[in-house]
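**Student:** Based on what follows, work out the 3D shape:
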Amino acid sequence: MTSQLNVDTIVDKAGSGGTNVKIGNTSTYVSDGGAVTQNTVQSLAKVWSNLEQASTYSTRDSFNLSSHDDGGTGVSTLTFTTNFGNANHAASSMASNLNNVAGNDNDNLVQTTSQIRIGVYDVGSNAPQDASFLTVSIHGDLA
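**Tutor:** Model prediction:
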C-alpha cells in the first residue's frame, strides 16, 4: 500500500521552522517542466573543495574532504572522508590562473575509492603551476 503526504511546509515539533528530512537513495525529483524525473541522491556532488595552492596551500571550504596533500608544484592529492563505492567517480576541476588547465595528474595518476590527484598545468608551457583558486567537484556513488 502506498501513501502520499501533501503539505506546504515541514517544520520541527517546536514550530521553529527547521527540520531534518531523510530521503532514500531511490528518491527522485521532478523537473521544472514536470516531464522528467531524476534520482536526487545520485545527482548530488559527493565531494567538493576550494583550495589555494599558490601561497598558503590551504582549503577555503570543502565537503567530504578529510585532507589534501601538496604533491609539488600544481599537484594536490585529495582524500575523501567517505569513500566511493568504486574508483569510477567523475571529477571536474577548474584553476584560476590564466592559461591553466586542471585535471587528473597525468604523470602520477591516482583515482581510487578514497583519493584523487589533481594537477594544474600552464597550457603554453605544459609545465605544472600552482593555482590561487583550485575548485574540484566529484560525483559518483558512495560506498
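
**Student:** mind listing the strands in this protein by residue range?
**Tutor:** Using DSSP state E, the strands of the chain run over 28-30, 37-39, 47-52, 58-63, 65-70, 75-80, 90-95, 100-104, 115-122, 134-139.

**Student:** Out of these, flag the one nearest Gly17.
**Tutor:** strand 28-30 (21.7 Å; C-beta to C-beta). The way it works is simple: take the backbone N, C-alpha and C, and place the C-beta from them, glycine included.

**Student:** same for that closest one, what does it pack against?
**Tutor:** Contact analysis of strand 28-30 by 3 or more C-beta pairs under 8 Å, 6 or more residues apart in numbering; DSSP states H and E lists strand 37-39 as its packing neighbours.

**Student:** What lies in contact with the strand it packs on?
**Tutor:** 25-31 (C-beta atoms under 8 Å, 6 or more residues apart in numbering).

**Student:** Tell me how many other residues surround Lys22.
**Tutor:** For Lys22, the neighbour count with other C-beta atoms under 10 Å is 5.
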